[in-house]
Each structure stands twice: as structure tokens, then as C-alpha cells.
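Novice: Provided below for reference: sequence and predicted model.
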Amino acid sequence: DVQLVESGGGFVQDGGSLRMSCECSGLAFDKSAIGWVRQAPGKVREPVSCISSGDGSTWYTDSVRGRFTISRDNDKDTVYLEMNRLEPEDTANYFCNAQITIRTVTNYWGQGTQVTVAS
């Protein structure tokens with residue numbers, strides 16, 4: 001079975017930092033693009049960042065660019081999201097997503113980890 005397990009969320013003060021991990025199992029990790037999506041109460045899910053399977057190219061939504069850094073360790077089947085200068089607007093449940101394309105596109109999701117930034 002495919003499993004994505006997020007960890008590292010928590011409670012921080014405005015301006016603080018967190019490092020989240022998404023440990024994957026049961027899938028071809030090195031062939032999967034991995035991303036983070038967040039959902040705040042009463043809001044739609046918002047893509048935050050992703051990293052490709054090939055050259056490791058990255059993408060960030062405008063509101064986090066320059067503050068968040070995504071990286072991957074293909075030896076550990078793990079993706080990291082380093083979050084610095086956190087703001088109360090970053091408060092949300094953060095989900096890890098793995099997308100693999102082999103003839104069709106398949107998406108897998110983790111259970112989510114809560115990030116709360118106090119003002």
C-alpha cells in the first residue's frame with residue numbers, strides 16, 4: 001500500500017520556523033513529483049510548493065516564495081518543507097501529495113499535519 005506520512009507541523013509564533021517531512025512508502029518515489037497543499041478553515045485547498053521527480057525543479061506559490069524551501073532525499077523517500085518567517089496566514093492543515101505519471105496520472109495523499117502560527 002502507498003503511504004505518505006507527514007510530520008513536523010506544530011505551533012509557532014509569528015516569524016518562527018518549522019521543518020516538515022513527508023515520508024513515502026509503497027510507490028516509485030524517484031519517479032514521483034511531490035508537493036505540499038494546505039487548507040485553512042473555511043478555505044479551499046491551496047497548492048504551496050512542489051518538486052519534480054527528474055531534475056528536482058521546484059515551484060512555490062507567491063505568498064511563500066522566499067520563505068519556504070522544498071527539497072527531496074531520494075535515498076530516504078522523503079520530501080521536506082522548510083518554512084521560515086511564518087505568518088499567521090500560513091496557519092492551515094498541510095497535506096503531502098505524490099503524483100506519478102505512468103500512462104495515467106495517479107495522486108496519493110497524506111493525512112495532513114496542522115501548522116498554527118500565532119500573532
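Specialist: Noted; the coordinates are in hand.

Novice: thinking Ile70 is in contact with Met83, fair?
Specialist: No - with contacts counted by CB atoms under 8 Å, Ile70 stays clear of Met83, the gap being 9.9 Å. No exception for glycine: its C-beta is placed from N, CA and C like everyone else's.

Novice: Please say which of those two ends up with more neighbours.
Specialist: Met83 (26 against 23; other CB atoms under 10 Å).

Novice: Tell me what that one is bridged to.
Specialist: Leu18, Phe68 (DSSP bridges).

Novice: Now name the helix or strand holding the closest residue to Glu89 other than its chain neighbours.
Specialist: Of all residues not flanking Glu89 in the chain, Ser63 sits nearest, at 7.2 Å (CB to CB, 6 or more residues apart in numbering). If you go by DSSP states H and E, Ser63 is not part of any helix or strand.

Novice: Count residues in the vicinity of Ser63, would you?
Specialist: 13.

Novice: same deal with the one 5 residues further on?
Specialist: Residues near Phe68, counting by other CB under 10 Å, number 22.

Novice: Likewise for Glu6?
Specialist: 22.

Novice: For it, give me its contacts.
Specialist: The contact partners of Glu6, taken as CB atoms under 8 Å, 6 or more residues apart in numbering, are Met20, Ser21, Cys22, Tyr94, Phe95, Cys96, Gly110, Gln111, Gly112, Thr113.

Novice: list the contacts for the second one?
Specialist: Listed by CB under 8 Å, 6+ apart, the contact set of Ser21 reads Glu6, Ser7, Gly8, Thr78, Val79, Tyr80.

Novice: The second one touches Glu23, doesn't it?
Specialist: It refers to Ser7. Yes - counting by CB under 8 Å, Glu23 is a contact partner of Ser7 at 7.4 Å.
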